[in-house]
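Q: I'll drop the sequence and a predicted model, then ask my questions.
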Amino acid sequence: AKTSGREADITFTHAPPAYFARELLTPKGPRKNADVGSPSDSTRPLYKAGMTSVGSWSCTAGGFPVPARSTTEAFYVLDGDGSVSDSDGTSHAWKAGDIVILPKGWTGRWDVTTDIHKVWVVVDHPDVEDTASPIRAVVAKRSDVADSCLTSLGARKDAD
């Protein structure tokens with residue numbers, strides 16, 4: 001692959017859904033900062049290179065505060081339901097099939113109603129200037145990203 005006129009190696013990583021089976025995740029134990037219930041979480045990394053990492057995470061029901069994030073996280077909810085709330089208390093409900101984005105600098109809380117299992121991508125990046133306060137979580141509902149909502153752009157001209 002070419003990047004800015006230089007040769008660059010690009011590695012693609014693939015994992016079948018079975019790679020993220022809950023029983024293959026490594027238990028981390030009870031969350032020390034839980035203030036609702038006794039949530040415990042587990043994780044399994046898939047890939048880490050430079051400023052990007054990918055993996056899976058699960059957490060049992062409960063709630064806990066989150067300090068300001070030092071990275072941006074996007075995740076796809078495989079199972080479960082609950083919400084994330086911004087620092088001003090604005091709640092964003094999510095459930096299986098939704099995509100959630102927690103921007104760098106976001107602070108708030110998690111409330112897991114039914115055990116969550118997610119696949120995540122975390123990116124460490126420079127700070128974004130002119131960020132609104134509070135920084136808001138974003139939830140794209142499954143119905144908003146369903147195939148029926150997508151518009152075909154046709155075949156790529158650069159694809160073989």
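A: Nice, thanks for sending it over.
Q: name the helices or strands packed onto the host helix or strand of residue 81?
A: Per DSSP states H and E, residue 81 falls inside strand 72-86. Packing partners of strand 72-86 (3 or more C-beta pairs under 8 Å, 6 or more residues apart in numbering; DSSP states H and E): strand 91-95, strand 99-102, strand 108-123. Where C-beta positions appear, they are placed from N, C-alpha and C, glycine not excepted.
Q: Show me what counts as buried in stretch 23-30.
A: Buried residues in stretch 23-30, defined by neighbour count with 16 or more other C-beta atoms under 10 Å: residue 25.
Q: do the same with stretch 13-23
A: For stretch 13-23, by 16+ other C-beta under 10 Å, it's residue 20.
Q: ok, and what's touching it?
A: Stretch 13-23 has contacts (C-beta atoms under 8 Å, 6 or more residues apart in numbering) with 42, 44, 46-47, 54, 56, 58, 78, 117, 119.
Q: one step back: same question for the strand holding residue 81, mean pLDDT?
A: In this model, strand 72-86 has an average pLDDT of 97.
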